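**Student:** Below is the structure, and that's it, no one-letter string:
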């Protein structure tokens, strides 16, 4: 069994952080369905999952074997810390047990499951799904969830921080004790992670884990770019601090890997903290910013002179 998903992460529109009540309204996708709300260790709201129907090819065009996928993806959105918005989509990929497409009523009774029609080679399909080269456009469904939140979250003011979106494609292959973790940066905003986990791992748990990974990858990516643009040691210190000021207000307090995870999340994060070392790089950048603040404060006191 394969479980595939994608998470898009970006900065919520508006100058000021959204309150928890506002964020809850932004992600309220389904009337009558409860929004998940968490205040500790940091403000977090997540929408209920919404099924989205799909019927498409699962292999690249021109392949000798035609493999079709029919079923539903689960789509949801989340806001963290009043500043970061995410759109997510995921599904289990399972054999249909037949060669013909069934009525939609069959697929709607299995939300979050896409059935394959045709002869499937597991490793080949896994490689195709992980690279995002198939007709099952999980990323488009995730992007629509994020775009909807941005549309309904219109608030006054322009954010003082500019940041590009990132997208994390994830694939979990079940059947063995794990986890085995392979994380890589692709071109531009694309990242990919492949997990091998124990059979029976709930897809929703994997989705939550990968949303957490995507959040922290976006935070780290945004901080790296902010420090690069501030150019400490190149620009005047006052100018560097002016450029870093939004980072201090928007981002530094959000770094909490595995804040809401369980045993699987802790094990996966242990691998990522070892290599490539997410928190190690974050702390290094955070230290540079705090050093600039300290040096600026000392320079300010020296310029003021004795009283």
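**Tutor:** Thanks, I have the structure now. No experiment lies behind these values; they were computed from the predicted model shown. Residues are numbered from 1 along each chain as shown.
**Student:** For the stretch 101-250 of the chain, which residues score under the pLDDT cut-off?
**Tutor:** Across the stretch 101-250 of the chain, the ranges flagged by pLDDT under 70 are 133-134, 175-179.
**Student:** Now do the helices in it.
**Tutor:** Along the stretch 101-250 of the chain, the segments classed as helices by DSSP state H, counting those that start in this stretch run 104-108, 122-131, 138-152, 203-230, 237-250.
**Student:** Remind me what the longest one packs against, helices and strands.
**Tutor:** Packing contacts for helix 203-230, counted by 3 or more C-beta pairs under 8 Å, 6 or more residues apart in numbering; DSSP states H and E, involve strand 2-11, strand 68-80, strand 84-95, strand 166-174, strand 190-197, helix 237-250, helix 263-274, helix 278-304. C-beta here means a position set from N, CA and C on the backbone, and glycine is covered the same way.
**Student:** could you say what helices and strands the last one packs with?
**Tutor:** Using 3+ C-beta pairs under 8 Å, 6+ apart as the contact test, the elements touching helix 278-304 are helix 203-230, helix 237-250, helix 263-274.
**Student:** what is the mean pLDDT for the shortest one?
**Tutor:** Model confidence over helix 263-274 averages 92 on the pLDDT scale.
**Student:** Straight-line length of stretch 244-258, end to end?
**Tutor:** 26 Å (C-alpha to C-alpha, to the nearest Å).
**Student:** no wait, stretch 9-19
**Tutor:** 19 Å.
**Student:** Pop the domain breakdown of the chain in here.
**Tutor:** Using automatic domain parsing, the domain parsing of the chain gives 2-168, 222-304.
**Student:** ok, back up a step: okay if I get the helices and strands packed on helix 278-304 as CSV plus mean neighbour count and distance to residue 41?
**Tutor:** Shown next, in CSV, are the helices and strands packed on helix 278-304 (neighbours: other C-beta atoms under 10 Å; distance: least, C-beta to C-beta, whole Å):
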stretch, mean neighbour count, distance to residue 41
helix 203-230, 21, 12
helix 237-250, 17, 18
helix 263-274, 16, 14
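**Student:** now these in TSV, with distance to residue 26?
**Tutor:** Output for these, formatted as TSV (distance: least, C-beta to C-beta, whole Å):
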stretch	distance to residue 26
helix 203-230	16
helix 237-250	17
helix 263-274	25
